[in-house]
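Show me the folded form of this:
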Amino acid sequence: MKTVYFHINGKINGCATANTPEDEPYAEMGAAPGETIAWVDGPPIGGNTQDTHYFVGDVLTERPEMPCAADRLTAAWCNPGGEITADKLVTISGIPTGATVSVRGGSDTVMDGTYEFGSEMVGYHEIVVELFPYKPKRFQVLVG
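The predicted structure is shown next:
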């Protein structure tokens with residue numbers, strides 16, 4: 001059995017399997033325009049391959065972990081109109097240049113490796129840091 005993966009610049013968009021060499025042309029038909037085709041011996045990797053792997057050249061490779069970290073996962077409530085000081089914020093550092101940070105439906109591009117978060121809304125907030133080929137990293141921050 002072989003598995004064909006469809007990808008653009010290493011990012012996997014999907015896959016199909018071929019049990020015999022005769023099946024291979026039909027499996028390749030699943031590729032969309034602009035996608036690169038890469039064959040790998042064996043069945044598809046279990047789980048959601050797009051989330052866990054990518055291609056470096058024609059080698060199927062596990063995606064690396066996002067290298068950032070938060071200094072803490074709790075933040076002080078920021079009074080509307082009040083002073084926001086560093087001791088009230090959560091700082092995420094080590095973010096690769098160009099990564100997108102998403103919070104509550106909004107997003108920012110990080111260019112200096114650091115993202116600071118504070119909120120006037122009490123409760124849990126999910127912060128997601130993303131940049132391919134890294135796996136997205138999620139932080140659950142409690143504001144209270």
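
per-residue confidence at the residue lying farthest from the centre of the chain?
Distance from the centre of the chain peaks at residue 22, with 35.9 Å (Cα atoms, centre = their mean). Per-residue pLDDT puts residue 22 at 87.

Does residue 50 belong to a helix, a strand or coil?
Of the three states, residue 50 takes helix according to DSSP: H, G, I helix; E, B strand; the rest coil.

Could you check how far the closest residue to it other than its chain neighbours is from residue 55?
Leaving aside its chain neighbours, residue 50 sits nearest to residue 12 (4.7 Å; criterion: Cβ to Cβ, 6 or more residues apart in numbering). For every residue, glycine as well, the C-beta is placed using N, CA and C. In this view, residue 12 and residue 55 are 7 Å apart by Cβ to Cβ, to the nearest Å.

Quickly list what's touching both of these two.
By the contact definition Cβ atoms under 8 Å, 6 or more residues apart in numbering, residue 12 and residue 55 are jointly contacted by residue 5.

So the two - more neighbours on which side?
Under the criterion of other Cβ atoms under 10 Å, the comparison of residue 12 against residue 55 puts residue 12 first, with 22 against 19.

domains of this protein?
Here the domain assignment for the chain is 2-62, 69-143, based on automatic domain parsing.

what's near enough to touch the closest residue to residue 107 other than its chain neighbours?
Spatial nearest neighbour of residue 107, excluding adjacent residues (Cβ to Cβ, 6+ apart): residue 100 at 5.2 Å. Applying Cβ under 8 Å, 6+ apart, we find residue 100 in contact with 107-110, 129-131.
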